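Q: quick one, structure for this:
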Amino acid sequence: MRLVALALLISSCCHSLGSRPPRDIRVYAVYADDSYCDASWCQGKIGLVRKQAKEVIPFRDANGYIAVSPEDFKRVLDKCPK
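A: Numbering: from 1, shown residues only. Sure, this is the predicted structure:
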């Protein structure tokens with residue numbers, strides 16, 4: 001599974017001050033089928049998914065998003081100021 005984040009992720013994280021991560025970062029998971037969820041809000045929807053917000057962005061609308069592996073995403077977070 002790949003995580004998808006806005007380009008803002010890296011710049012916000014690297015420039016944040018204090019111990020809290022920036023609140024404006026949205027992380028999506030990529031799903032090519034609808035097996036990720038059995039609730040009514042997600043049936044038949046595929047693409048970039050934020051379950052906590054019940055949001056699905058279809059692949060056709062995902063132009064401009066950046067996909068990173070879970071390992072790379074964790075490395076970015078680990079490098080943020082604590």
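Q: pretty sure Lys45 contacts Phe59?
A: No: the criterion here is Cβ atoms under 8 Å, and Lys45 misses it with Phe59 at 10.7 Å. Bear in mind the C-beta positions are built from the backbone N, C-alpha and C, glycine included.
Q: burial check on Val49, number of neighbours?
A: Val49: 21 surrounding residues under other Cβ atoms under 10 Å.
Q: got the buried residues for the host helix or strand of it?
A: Per DSSP states H and E, Val49 falls inside strand 47-50. Of all the residues in strand 47-50, those buried under the rule 16 or more other Cβ atoms under 10 Å are Gly47, Leu48, Val49.
Q: just the residues you listed now: which is nearest Val30?
A: Taking Cβ to Cβ as the measure, Val30 sits nearest to Leu48 out of the buried residues of strand 47-50, at 6.1 Å.
Q: so what sits opposite the closest one in the bridge?
A: Val30, Ile57 (DSSP bridges).
Q: tell me how far it lies from Cys80.
A: According to Cβ to Cβ, to the nearest Å, Leu48 stands 22 Å off from Cys80.
Q: likewise for Asp38?
A: For Asp38 relative to Cys80 (Cβ to Cβ), the value is 34 Å.
Q: how about Cys42?
A: Taking Cβ to Cβ, one finds Cys42 at 30 Å from Cys80.
Q: so what's Asp33 closest to, chain neighbours aside?
A: Ile46 (6.0 Å; Cβ to Cβ, 6 or more residues apart in numbering).
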